[in-house]
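# Got a predicted structure plus its sequence, pasted below:
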Amino acid sequence: MAAETGTPQTNLTGHLLIAMPGMGDPRFEHSVVFICDHSDEGAMGLIVNKPSNDVDMPTLLSQLDIDQVSDLSERSVHFGGPVEMGRGFVLHTPDYHSVVTTLEVRDDIHMTATLDILEDLARGEGPEKWMMMLGYAGWAAGQLEGEIAENGWLVCDASPELIFEMADMDKWEAALKTLGVAALALSSAGGRA
């Protein structure tokens, strides 16, 4: 049965998508995507397990002419997704709030997409836990639901621990484990009963 247009049957805002093997898009291979917004108009999410090889926080702050007081040399900038790679997003804990632009995705995970959070982070005044991303993943109306129906993604609950505390290379398997699925058990081919 085809999915009806209109309100999605399940709102995935605040959940994680786990890329299935054989998805066909190398940009999303072994990706874990935190869904920031999901409605009948489409979905927007941020990949939380792909650090950028091209830019780090000191380089990014320098490019934006933001003076760095706090040492952020060990902090990665992540590839948030292939859409609008020049736009930045910070996922963070709720201990920081920008009056104009902080989106409360869940009680325990917020997103801010303005320079003020980067300026605060550079001064050591930002949120306790955070991730910086460039770009995002976006889906048109019904597109994400179609990809899930075609076994492109698994969906699981998100946790601040998985997003902010776990090593990037461990997040995909850890997300699978929340569903009781072992990575070795996954197949890139869907079956028919």
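Thanks, I have it.
# Need the residue closest to the centroid of the chain.
Central residue check for the chain by Cα atoms, centre = their mean: the C-alpha nearest the mean position is that of residue 46, 2.4 Å away.
# any idea of the pLDDT on that one?
With respect to pLDDT, residue 46 scores 98.
# Then residue 80?
According to the per-residue confidence, residue 80 scores 95 in pLDDT.
# How about the residue nearest to it when sequence neighbours are not counted: which residues does it bridge to?
Leaving out its chain neighbours, the residue that sits closest to residue 80 by Cβ to Cβ, 6 or more residues apart in numbering is residue 133, at 3.0 Å. Every C-beta, even on glycine, is put in place using the N, C-alpha and C of the backbone. Here residue 133 sits in beta bridges with residue 78, residue 89, going by DSSP bridges.
# Confirm for me that residue 133 is in contact with residue 86.
No: counting by Cβ atoms under 8 Å, residue 133 does not reach residue 86; the two are 11.9 Å apart.
# So between these two, which is more surrounded?
For residue 133 versus residue 86, the count of surrounding residues by other Cβ atoms under 10 Å is larger for residue 133: 27 against 6.
# contacting residues for the more buried one?
With contacts taken as Cβ atoms under 8 Å, 6 or more residues apart in numbering, residue 133 has the following neighbours: 46, 47, 48, 77, 78, 79, 80, 81, 88, 89, 90, 91.
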